[in-house]
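Colleague: Sequence and predicted structure below; questions after.
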Amino acid sequence: MTTIASSAPAADSASHHEPQWAAALFILVGASVWGISWYPYRLLAGWGLGSMLASSMTGAAAAVLAAVVLRRHFSTFQWSWLIPALGIAAGITNAGFVWGTVHGTVMRVLLLFYLTPVWTALLARLWLHERLGWHGGVLLALALSGAMMMLWSGEAGTPWPGSAAEWAGLVAGLAFACNNVLSRLAGQRHPTMRPEMRTVVVFTGCALVGFPAALLLDGVHAVPAAFSQGSTWLLLAGMACVLVGGNAMVQRGLQRLPANRAALLMLFEIVVAAVSSALLTAERLSPQEMLGGACIILAGALSGLSRRK
């Protein structure tokens with residue numbers, strides 16, 4: 001996942017080097033990568049490679065690739081407790097997102113994940129002492145109402161997740177909120193450290209969390225037979241390259257756009273996920289689920305607009 005707050009301070013200083021439409025395009029392409037990322041993991045699962053082991057391997061490959069590409073920035077790296085905390089939060093985010101979208105209904109899991117603005121606002125209030133305000137309270141109520149509306153229409157008929165996959169999506173969204181707030185805090189505590197360094201930390205966290213998650217969630221106790229297929233290795237390598245490339249494009253866009261505009265553009269991930277899941281699966285949302293999802297998306301969009309100065 002890509003943090004939204006990490007590169008915001010650089011937006012003004014770099015904006016004159018590149019047109020804003022190009023920066024917006026970078027973010028849209030990066031969001032598209034995450035919107036379709038569920039599908040290759042489902043392919044790998046169908047080939048016999050569990051989603052968590054696949055996630056760990058792509059995270060490790062992406063971390064190595066990012067470290068090589070960004071090696072000139074390592075001189076700015078600064079160690080603190082925020083680094084492992086950021087890595088763990090990113091790893092839990094990725095594990096919950098991947099496992100949930102592979103084993104659950106893509107759009108329900110993704111919309112639960114996009115309750116992130118709710119958790120971000122609450123955590124920012126607790127950890128960064130940022131004011132919520134009445135406007136923020138209204139947006140929280142809108143997002144939570146949308147979630148309840150969507151969840152009540154599910155098979156469980158209750159206002160909370162009805163499957164392990166949906167719980168995974170919800171936990172991933174909470175972890176992503178921690179990731180965003182920790183990234184913002186790291187930017188405040190270590191202003192001279194290049195934001196790109198957090199990309200390496202994020203992918204390393206995905207690798208380290210993914211392996212124990214594979215043992216716990218996928219029950220991996222032997223070498224999967226899928227490793228004997230060349231297509232498995234090609235897809236894993238391709239995913240690592242695409243994830244690093246998508247993350248780099250988002251980071252580049254973040255350096256040239258304010259964080260609020262970037263947050264709005266990142267909602268394009270939901271559009272890509274909706275289209276791809278409709279084309280590639282038989283999954284469909286009911287009208288009530290779509291209405292609830294619209295409330296969550298609207299709350300996220302208004303959250304970004306509310307920070308516009």
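Modeller: Nice, thanks for sending it over. Numbering: from 1, shown residues only.

Colleague: Show me where the chain has its helices.
Modeller: Along the chain, the stretches classed as helices by DSSP state H are 11-14, 20-36, 38-46, 51-69, 82-103, 106-113, 116-127, 133-152, 164-189, 196-213, 230-254, 259-266, 268-280, 287-306.

Colleague: for those helices, which one sits closest to Ser75?
Modeller: Taking C-beta to C-beta, helix 196-213 is the member of the helices of the chain nearest to Ser75, at 10.0 Å. C-beta here means a position set from N, CA and C on the backbone, and glycine is covered the same way.

Colleague: helices or strands next to that closest one in the packing?
Modeller: The contact analysis (3 or more C-beta pairs under 8 Å, 6 or more residues apart in numbering; DSSP states H and E) places helix 196-213 against helix 51-69, helix 82-103, helix 164-189, helix 230-254.

Colleague: Single out the most deeply packed of the helices of the chain.
Modeller: Highest mean neighbour count of these: helix 106-113, a mean of 27 (counted as mean count of other C-beta atoms under 10 Å).

Colleague: Let's see that helix as CSV, backbone CA atoms only.
Modeller: Extracted C-alpha coordinates of helix 106-113, given in CSV (Å, rounded to 0.1, in the frame of the first residue of the first chain):
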residue,chain,number,x,y,z
VAL,A,106,-13.7,-8.2,-3.7
MET,A,107,-15.9,-5.1,-3.5
ARG,A,108,-17.3,-5.8,0.0
VAL,A,109,-13.8,-6.3,1.3
LEU,A,110,-12.4,-3.3,-0.5
LEU,A,111,-15.2,-1.0,0.8
LEU,A,112,-14.6,-2.1,4.3
PHE,A,113,-10.9,-1.4,3.8
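
Colleague: tell me what it is packed against?
Modeller: Judged by 3+ C-beta pairs under 8 Å, 6+ apart, helix 106-113 is in contact with helix 82-103, helix 133-152, helix 164-189, helix 268-280, helix 287-306.

Colleague: Quick one: those helices as TSV, columns for mean pLDDT and distance to Leu235 too.
Modeller: As requested, the helices and strands packed on helix 106-113 are exported to TSV (pLDDT from 0 to 100; distance: least, C-beta to C-beta, whole Å):
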stretch	mean pLDDT	distance to Leu235
helix 82-103	93	14
helix 133-152	74	32
helix 164-189	86	22
helix 268-280	84	15
helix 287-306	74	30
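
Colleague: Next, format those helices as JSON lines and append distance to Ala67.
Modeller: Listed next are these as JSON lines, based on distance: least, C-beta to C-beta, whole Å:
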{"stretch": "helix 82-103", "distance to Ala67": "13"}
{"stretch": "helix 133-152", "distance to Ala67": "36"}
{"stretch": "helix 164-189", "distance to Ala67": "18"}
{"stretch": "helix 268-280", "distance to Ala67": "25"}
{"stretch": "helix 287-306", "distance to Ala67": "31"}
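
Colleague: And these: which comes nearest Val64?
Modeller: When the helices and strands packed on helix 106-113 are compared (using C-beta to C-beta), the closest one is helix 82-103, at 14.8 Å.

Colleague: Redo the helices of the chain as a markdown table? Include distance to Gly219.
Modeller: Below are the helices of the chain laid out as a markdown table (distance: least, C-beta to C-beta, whole Å):
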| stretch | distance to Gly219 |
| --- | --- |
| helix 11-14 | 45 |
| helix 20-36 | 26 |
| helix 38-46 | 13 |
| helix 51-69 | 10 |
| helix 82-103 | 13 |
| helix 106-113 | 21 |
| helix 116-127 | 29 |
| helix 133-152 | 28 |
| helix 164-189 | 14 |
| helix 196-213 | 11 |
| helix 230-254 | 19 |
| helix 259-266 | 33 |
| helix 268-280 | 26 |
| helix 287-306 | 31 |
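
Colleague: Which one, of the helices and strands packed on helix 106-113, ends up nearest to Arg125?
Modeller: Within these, the stretch nearest Arg125 is helix 133-152; the backing value is 8.5 Å (C-beta to C-beta).
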